[in-house]
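1. after the sequence you'll find the predicted model.
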Amino acid sequence: MGYLKKRIFAFRVAFEGLGLLFKESAHARIHLLAIVLVSSSAIYLNVSNSEWIVLILCYGAVLSLEAMNSAIEYAIDLSHPEKHPLAKKAKDIAAAAVLIAAICSVIIALIIFVPKF
Ligand SMILES: Nc1ncnc2c1ncn2[C@@H]1O[C@H](COP(=O)(O)OP(=O)(O)OP(=O)(O)O)[C@@H](O)[C@H]1O
């Protein structure tokens, strides 16, 4: 496979992964709904460019960590389908990463939106 074909293939599988994420993870779909609702409010309340940049960084952080969380869950289920305390730790800590980003995003959204009311 040539260099360009390899790069195009890598993009294609990454987009396939994105499709899988929203197909298989209810949490990812909930995050997407939250993004649509927050963005609609941001348009309605005419937030500034810098506020948009912070919101988009939050969207990226939450969705990326949700994708990593799902990938870690699949990797653990593949490598160790039986119950194991380390599998539990790995999955719980991966879920905590999403939670941290989500809590920070809610605080940021409050800082941006509350003064506008
Ligand atoms: N192999 C395992 N050994 C021990 N505990 C596990 C194991 N698999 C899952 N668990 C526990 O069950 C919880 C839920 O795991 P699961 O893989 O079902 O993810 P989930 O949170 O339901 O994510 P999703 O909704 O995206 O499927 C984990 O956070 C962990 O506490």
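-> Right, received. Where do you want to start?
2. who in the chain is up against the ligand?
-> The chain comes close to the ligand at residues 25-27, 70, 73, 80, 83-84, 87-88, 91-92, 95, as judged by CB under 6 Å from any ligand atom. (Each C-beta comes from the backbone N, C-alpha and C, glycine too.)
3. excluding covalently adjacent residues, which one is nearest to residue 63?
-> Take residue 63 and drop its neighbours on the chain: the residue closest to it by CB to CB, 6 or more residues apart in numbering is residue 31, 5.8 Å away.
4. right, and the one you found touches residue 60 too?
-> No. Using CB atoms under 8 Å, residue 31 is not in contact with residue 60, being 11.0 Å away.
5. these two - which one has more neighbours?
-> residue 31 (22 against 11; other CB atoms under 10 Å).
6. which ones are touching that one?
-> For residue 31, the contacting residues are 62, 63, 66, 102, by CB atoms under 8 Å, 6 or more residues apart in numbering.
7. quick one: buried residues of the host helix or strand of the first one?
-> In the assignment (DSSP states H and E), residue 62 maps to helix 49-79. Neighbour-count burial for helix 49-79, counted by 16 or more other CB atoms under 10 Å, picks out 51, 55, 58-59, 61-63, 65-67, 69-70, 72-73, 76.
8. and that helix, what does it pack onto?
-> helix 3-24, helix 26-44, helix 85-113 (3 or more CB pairs under 8 Å, 6 or more residues apart in numbering; DSSP states H and E).
9. buried set for the helix or strand of the chain with the lowest mean pLDDT?
-> Across the helices and strands of the chain, mean confidence by mean pLDDT, DSSP states H and E is lowest for helix 3-24: a mean of 94. For helix 3-24, a neighbour-count test (16+ other CB under 10 Å) marks residue 21 as buried.
10. lovely, talk soon.
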